[in-house]
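Undergrad: this is a predicted model, with the sequence first.
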Amino acid sequence: MKVPRRQDIPWRPDEDALLRELAGTGEDVATIAKRLNRSSSATRNRALRLDVALAKARKLKDLTGK
């Protein structure tokens, strides 16, 4: 039996809820994608489909505080 690729597995309602929750806290796409075990592009596309606003990626300057 062939193991399905993650991209072939439909999004579940609990994943949609977690996407909305994390986006609401201002998490960036990469962090949300990692938590959902999805790619960044899949996460962005799902957010668009659900009309969920995502935070812009943080700049290196913001992360280092310089």
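TA: In hand now; what should we look at?
Undergrad: can we go C-alpha only for contacts and neighbour counts from here?
TA: Will do.
Undergrad: check what pLDDT L63 gets.
TA: For L63, the model assigns a pLDDT of 57.
Undergrad: ignore the last one, Q7
TA: Reported pLDDT for Q7: 74.
Undergrad: one more: the one 5 residues further on?
TA: Model confidence at R12, given as pLDDT, is 96.
Undergrad: start the count at 17, not 1, going forward
TA: Let's use 17 as the start, then, which means that last one is R28.
Undergrad: for the protein, give me the ranges with low pLDDT.
TA: 20, 73-82 (pLDDT under 70).
Undergrad: and the helices in it?
TA: For the chain, applying DSSP state H gives helices covering 29-40, 45-52, 56-66, 76-80.
Undergrad: now mean neighbour count and distance to V19 too, for those, in TSV please.
TA: Rendered in TSV, the data for those read as follows (neighbours: other C-alpha atoms under 10 Å; distance: least, C-alpha to C-alpha, whole Å):
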stretch	mean neighbour count	distance to V19
helix 29-40	15	20
helix 45-52	17	19
helix 56-66	15	19
helix 76-80	8	38
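Undergrad: tell me who's in contact with A63.
TA: When contacts are counted by C-alpha atoms under 8 Å, 6 or more residues apart in numbering, A63 touches 35-36, 69-70.
Undergrad: can I get the helices of the chain in TSV including distance to R21?
TA: Output for these, formatted as TSV (distance: least, C-alpha to C-alpha, whole Å):
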stretch	distance to R21
helix 29-40	17
helix 45-52	14
helix 56-66	13
helix 76-80	32
